[in-house]
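Student: Compute the structure for the input listed below.
(2 chains)
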2 protein chains.
Amino acid sequence: GDDSSPAARKWAREVWEFGKEDTNRVIFAVKVGLAVLLVSLLILIRSPYDVFGASIIWAILTVAIMFEYTVGATFNRGFNRALGSLLAGIFAVAVMQVAMACGHVAEPYIIGLSIFVIGAVTSFMKLYPSLVPYEYGFRVILFTYCLIIVSGYRMGTPIRTAMERIYSIGIGGITTLLVNAVIFPIWAGEQLHRELVGSFNAVADSLEECVRKYLADDGSGGQPDFSKNVMDDFADEPSFRKCRATLNSSTKLDTLASSAKWEPPHGRFRQLFYPWAEYVKVGAVLRHCAYEVMALHGCLHSEIQAPYNLRCAFGPEILDVADQAAELLRSLGKDISNMKQSLHTSLLNRVHLSADRLQASIDMHSYLLTSGHDFPAHPLPPGQPSDDKTASGNCNAQPADSYHEAMRKQQRRLFSWPSREVDDYEDGGVHDSEAIQRMRTLESTAALSLATFTSLLIEFVVRLDHLVDAAELLAKMAKFKEEAGKS
Amino acid sequence: GDDSSPAARKWAREVWEFGKEDTNRVIFAVKVGLAVLLVSLLILIRSPYDVFGASIIWAILTVAIMFEYTVGATFNRGFNRALGSLLAGIFAVAVMQVAMACGHVAEPYIIGLSIFVIGAVTSFMKLYPSLVPYEYGFRVILFTYCLIIVSGYRMGTPIRTAMERIYSIGIGGITTLLVNAVIFPIWAGEQLHRELVGSFNAVADSLEECVRKYLADDGSGGQPDFSKNVMDDFADEPSFRKCRATLNSSTKLDTLASSAKWEPPHGRFRQLFYPWAEYVKVGAVLRHCAYEVMALHGCLHSEIQAPYNLRCAFGPEILDVADQAAELLRSLGKDISNMKQSLHTSLLNRVHLSADRLQASIDMHSYLLTSGHDFPAHPLPPGQPSDDKTASGNCNAQPADSYHEAMRKQQRRLFSWPSREVDDYEDGGVHDSEAIQRMRTLESTAALSLATFTSLLIEFVVRLDHLVDAAELLAKMAKFKEEAGKS
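Tutor: Predicted coordinates for the structure are as follows:
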């Protein structure tokens, strides 16, 4: 025992942490155990078993198959199961009547043919895109039909068999629904609500992380190259992965929203016909913002980088835009989280003002972007509001002539870029003038990459307008509490 | 009859088209019908029924639950079902022995407790991220365990009950596997292969579509605004939706790859341990390229646009890069599709040369990007290779002074942009000089938006290097046929 004890303890701690991270997981597990236990009692205790008979084992099967994580998903599955069983029962009884009317010889052929037809038709229908959500229902139709008609044929009492089975399925279904919805219910709506709020924060975090890394990277080789980063999943950028998870979350939001539609009004969501579909729409607009963050992230890991000093020169403005945008995102997320309706005009104005300031600054110093000009460490005229940002302190401290050093380093990096092509050039023999021309082109491209970064940031800000609109529409439709104080 | 006939005919035609689109759908449906029919015959025909008895209905249930679209998914499900049933059987027999040893009074309590524990533990475990793919297996353990132990308790022969059920499940499982894998098998590997090739084409189409629209949009108001486009899903851009589907296809590729791993060597994939995981990796790198296309698409629908003439000026170079890049993507896709291994050096060089030409052109005329300078309709010196592109013909035909007209139109559009803020400004009273300053800033931002578009295009080209590497690694690991002729 002593050798395996540390491994076992580690494993136990992991499981414990997993449960502690989200207690709903433990609640769900205990509820499933309770539901199967309740149904099993119907067999373990003598008197109900005498009433229901052996067919009660179908109740256990129903619980095990129907019990889902959220209340909405369970209701949805229960609906599929109920409707599927009902349809299968009706088909089975109808076909049985026809088969018996056709006489004893034809009966098995008709039954066999009907099984084949039901199997083929349900399987074909469940592939149809608009019917895919009911996939489980079609499976239920298929096996329930087969079970009823086949055992009916052998035991001769199709209707009684069907009825007994429907009773036990009903008992199993009701037990599942009650345990799932009454004891510590896990609502899909609540999950969807949290998921959306989490996405807002993920995009905000990821934007800030990306901009900060962009301004901090001094090209000193600390940045591993892109392909390595793709493989180890950008290990040093936790928010990036959350943002990418947001991009891939469309299926999750869709599933949760379609489950939430099945749930009765509950908790904070007391309105009938609560607009769950709007959550999906806000999520879609947020994803369109996140695409810009992915593009910004692409700039950050691009082989061609604007020189460090150039980035620093516009650092305070860039940082200001990113901070304001992240604040707006978090405020939107917080309002949704608290179900409050407040005007975001002032925050939105602040973001737009910051973006304008960045644009103005880029415009005023655009000559820096297009050629190898030297430039002061901070190009803004004194007295600009963003001047007193502390975050840019380390940039200003750098001596101005280190720019040339940085540019030389940068050029060395640039030349290692399109590796295949450089080889090609070298094979063909390069003239000196051509090399210089090429160098200047790359240098200018490097400077323009800053313009790209800022353009993407500004495009992100532009999309925030749509995001605010979408969030306000959601707030209106979901009748969030209006708040007069904030504006 | 006559009234409903057109609707019914339309519906029938839709179903027919759906089946014709991919005949695998029809094959799958017929196979499911066949499998349930085969299993049902064991009951419909007298002699096997006499051998197996009523428990044979479990075979039908197994077919209905196990039959999946692809061979790999069916094998995977069958494995889950088999292992789940086996474990459940072992647990049930063990608990039964313990319960019987503890005496008649304690027996139902021990059984009840064990049901609760199994229900809770399997439900908790299936939430664990690394165990999520085996979700179905845990369900199987739960209900098989309950069925065996409960019916064993009532009928007193747990081992015989378990054995009979395992026989019928085995018969159902083997029927499913045989029908699925022998009669017109639908291989997950083949689907994965096609899916990846389709993604290459989708990204190539979408890149071309995006660039062509960017160069064709003359700002005459034909472009509906972004929020409307988000809602109706960019109806006029079919390739964009395909590209976005590619971005959301990571789950699909993962599922297909994990199914494909279960499939024996087959058809074109005769190698043992075929590197299906590499397909997922190539798909990930391709998605990183597609993010750039999404950003380009963002530029296309951005409110701030570079003036039409400026876009036309660099049109031939931009178009050339896009065409070359799309050709490389299609060539990569075609090679994977044909399972050929060929060098893409010359295509890659051509793309890089085009990208260099675009960079050089942007650099040479960078003054156009930073202020409201006038410029010739086509800024390239004569004799440049891209001069003879026919696509730029309509651009050159425009009179030079229409630029001012376009710019004025552009400015009107720009001023309608940050609507909230403009209102704000008007409330506060705007000075004329401020307005002019603002106008110039926006004008310069508009010009820089072209720099953004080209930077993103060049970043796309840079990522093609990684894509080529990933595709070549796949070709090597999957031992595609080498082809000497092409280079």
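
Student: Now residue A:77. Nearest residue, chain neighbours left out?
Tutor: Nearest residue to residue A:77, sequence neighbours excluded (CB to CB, 6 or more residues apart in numbering or on different chains): residue A:66, at 5.1 Å. C-beta: built from backbone N, CA, C; applies to glycine.

Student: Check whether the one you found really touches residue A:74, as I assumed.
Tutor: Yes: proximity of residue A:66 to residue A:74 meets the contact threshold set by CB atoms under 8 Å, at 6.3 Å.

Student: ok, back up a step: count of neighbours near the residue nearest to residue A:77?
Tutor: 25 (other CB atoms under 10 Å in any protein chain shown).

Student: Likewise for residue A:315?
Tutor: Residue A:315, neighbours per other CB under 10 Å, totals 24.

Student: Quick check: the gap between it and residue B:7.
Tutor: Per CB to CB, to the nearest Å, residue A:315 is found 64 Å from residue B:7.

Student: The residue nearest to residue A:347 when sequence neighbours are not counted: how many residues sit nearby?
Tutor: Nearest residue to residue A:347 in three dimensions, chain neighbours excluded: residue A:328, at 4.7 Å (CB to CB, 6+ apart). Residue A:328: 22 surrounding residues under other CB under 10 Å.

Student: residues in contact with residue A:196?
Tutor: A:253, A:279, A:282, A:283, A:286, A:333, A:336 (CB atoms under 8 Å, 6 or more residues apart in numbering or on different chains).

Student: ditto for residue A:167
Tutor: The neighbourhood of residue A:167, defined by CB under 8 Å, 6+ apart, consists of A:52, A:55.

Student: and it, what helix or strand is that in?
Tutor: Using DSSP states H and E, residue A:167 sits within helix A:158-182.

Student: quick one: average pLDDT of whichever helix or strand comes after that helix?
Tutor: Under the assignment DSSP H and E, the closest C-terminal helix or strand after helix A:158-182 is helix A:188-216. Taken as a whole, helix A:188-216 has a mean pLDDT of 91.

Student: Can you list the buried residues in helix A:188-216?
Tutor: Residues of helix A:188-216 classed as buried by neighbour count (16 or more other CB atoms under 10 Å in any protein chain shown): A:188-193, A:195-211, A:213-215.

Student: Chain B versus the residue lying closest to residue A:274 once chain neighbours are set aside, what's the distance?
Tutor: Nearest residue to residue A:274 in three dimensions, chain neighbours excluded: residue A:478, at 6.3 Å (CB to CB, 6+ apart). Distance, residue A:478 to chain B, using CB to the nearest CB, to the nearest Å: 19 Å.

Student: Could you report the pLDDT at residue A:478?
Tutor: Note for residue A:478: predicted pLDDT of 88.

Student: Verify the stated contact: it with residue A:271.
Tutor: Yes: with contact defined as CB under 8 Å, residue A:478 and residue A:271 form a contacting pair (6.8 Å).

Student: what about these two, which has more around it?
Tutor: It is residue A:478, of residue A:478 and residue A:271, that has more neighbours when counted by other CB under 10 Å, with 19 against 11.

Student: Output the below-cut-off pLDDT ranges for the stretch 151-300 of chain A.
Tutor: Along the stretch 151-300 of chain A, the parts satisfying pLDDT under 70 run over A:156-159, A:161-162, A:217-235.

Student: got the residues of it near chain B?
Tutor: A:151, A:153-154, A:226-227, A:230, A:247-248, A:250-251, A:284-285, A:288, A:291-292, A:294-295, A:298-299 (CB under 8 Å from any CB of the partner chain).

Student: Just the buried residues of these.
Tutor: Judged by 16+ other CB under 10 Å, buried ones among those: A:151, A:153-154, A:226, A:230, A:247, A:250, A:285, A:288, A:291-292, A:294-295, A:298-299.

Student: Among these, name the ones in helices.
Tutor: Among these, the residues falling in helices (DSSP state H) are A:151, A:153-154, A:226, A:230, A:247, A:250, A:285, A:288, A:291-292, A:294-295, A:298-299.

Student: Tell me how many other residues crowd residue A:358.
Tutor: 25.

Student: now do residue A:165
Tutor: 21.

Student: That one is in contact with residue A:147, isn't it?
Tutor: Yes: under the criterion of CB under 8 Å, residue A:165 makes contact with residue A:147 at 7.3 Å.

Student: Residue ranges in the stretch 351-487 of chain A under the pLDDT threshold?
Tutor: In the stretch 351-487 of chain A, residues with pLDDT under 70: A:366-445, A:484-487.

Student: cutoff 50 now
Tutor: Low-confidence segments of the stretch 351-487 of chain A (pLDDT under 50): A:372-430, A:486-487.

Student: can you give me the strands in chain A?
Tutor: A:340-341, A:481-482 (DSSP state E).

Student: what's the first one in contact with?
Tutor: Among residues not part of strand A:340-341, those counted as contacts by CB under 8 Å, 6+ apart are A:335, A:472, A:475, A:476, A:480, A:481, A:482, A:483.

Student: ok, the residue nearest in space to the middle of chain A - contacts?
Tutor: What sits nearest the mean C-alpha location of chain A, by CA atoms, centre = their mean, is residue A:249, with 2.0 Å. Neighbour list for residue A:249: A:195, A:199, A:283 [criterion: CB under 8 Å, 6+ apart].

Student: Chain B: which of these is nearest?
Tutor: For these, the closest approach to chain B (CB to the nearest CB) belongs to residue A:283, at 11.7 Å.

Student: Verify the stated contact: the closest one with residue A:250.
Tutor: Yes: the pair residue A:283 and residue A:250 passes the contact test of CB under 8 Å, sitting 7.0 Å apart.

Student: list the contacts for whatever residue of the stretch 151-300 of chain A ends up closest to chain B?
Tutor: Across the stretch 151-300 of chain A, the shortest distance to chain B (CB to the nearest CB) belongs to residue A:295, at 3.5 Å. By CB under 8 Å, 6+ apart, residue A:295 lies in contact with A:456, B:291, B:292, B:294, B:295, B:298, B:456.

Student: JSON lines for those residues, including distance to residue A:83?
Tutor: JSON lines is the format used below for the contacts of residue A:295 (distance: CB to CB, whole Å):
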{"residue": "A:456", "distance to residue A:83": "49"}
{"residue": "B:291", "distance to residue A:83": "42"}
{"residue": "B:292", "distance to residue A:83": "46"}
{"residue": "B:294", "distance to residue A:83": "40"}
{"residue": "B:295", "distance to residue A:83": "45"}
{"residue": "B:298", "distance to residue A:83": "44"}
{"residue": "B:456", "distance to residue A:83": "50"}
